[in-house]
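In: what's the 3D shape of this:
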Amino acid sequence: MRKDEFNEQVNEAIHCYIDSQSTELFTNDLIDKMNLVWLERAEDENDWRSGEDTYGYGDSHSLLSNMIYISDRWRCAFRMRWILDGLQMGRF
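Out: Take a look at the predicted model:
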């Protein structure tokens with residue numbers, strides 16, 4: 001998957017969640033790719049914080065607010081980790 005295609009798929013999945021609170025576009029293949037990209041970025045940025053350590057996971061309003069906030073700035077390690085941890089824990 002090309003970088004542009006990956007970025008577009010993540011953007012679409014984020015906006016799908018924002019618009020309908022659905023995670024259906026966060027497919028297993030996309031999540032696997034996000035984990036690989038996260039690992040590269042975490043190594044480059046030396047940032048291994050969990051999603052709980054950054055934004056945390058409050059009520060549905062705070063989840064949506066945080067997702068809206070990071071929708072155009074998700075490409076760093078800690079924000080990708082927040083999304084991935086939230087998906088894994090079933091918070092979204």
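
In: which other helices and strands contact the helix or strand where E12 lies?
Out: E12 is part of helix 3-20 when elements are defined by DSSP states H and E. For helix 3-20, the packing partners by 3 or more C-beta pairs under 8 Å, 6 or more residues apart in numbering; DSSP states H and E come out as helix 28-45, helix 60-70. The C-beta positions use only the backbone N, C-alpha and C, and glycine is treated the same way.

In: tell me which residues in the helix or strand following the last one are buried?
Out: Spelled out, that is helix 60-70. Next along the chain after helix 60-70, taking DSSP H and E as the criterion, comes helix 77-88. Buried residues in helix 77-88, counted by 16 or more other C-beta atoms under 10 Å: 77-87.

In: cool, stretch 36-53 as well?
Out: 37-38, 41-42, 47, 51.

In: grab the nearest non-local neighbour of the residue nearest to the spatial centre of the chain.
Out: The centroid of the chain falls nearest to I83 when counting by C-alpha atoms, centre = their mean (2.9 Å). Nearest residue to I83, sequence neighbours excluded (C-beta to C-beta, 6 or more residues apart in numbering): W74, at 6.6 Å.

In: residue contacts, that neighbour?
Out: For W74, the contacting residues are 10, 14, 80, 83, by C-beta atoms under 8 Å, 6 or more residues apart in numbering.

In: not counting its neighbours along the chain, what's nearest the third one?
Out: Among residues not flanking M80 along the chain, W38 sits closest, at 4.4 Å (C-beta to C-beta, 6+ apart).

In: give me the pLDDT for the one you found.
Out: If you check W38, the pLDDT there is 98.

In: am I right that it is in contact with A77?
Out: Yes - if you go by C-beta atoms under 8 Å, W38 and A77 touch, sitting 6.0 Å apart.

In: local confidence estimate at K3?
Out: K3 is given a pLDDT of 80.

In: isn't R41 right next to A77, touching?
Out: Yes - with contact defined as C-beta under 8 Å, R41 reaches A77; the gap is 4.0 Å.

In: re earlier: in the helix holding E12, which residues are buried?
Out: 9-10, 13-14, 17.

In: next, format the buried residues of helix 77-88 as a markdown table and append distance to L30.
Out: Output for those, formatted as a markdown table (distance: C-beta to C-beta, whole Å):
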| residue | distance to L30 |
| --- | --- |
| A77 | 17 |
| F78 | 19 |
| R79 | 16 |
| M80 | 12 |
| R81 | 15 |
| W82 | 16 |
| I83 | 11 |
| L84 | 11 |
| D85 | 15 |
| G86 | 14 |
| L87 | 10 |
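
In: much appreciated, bye for now.
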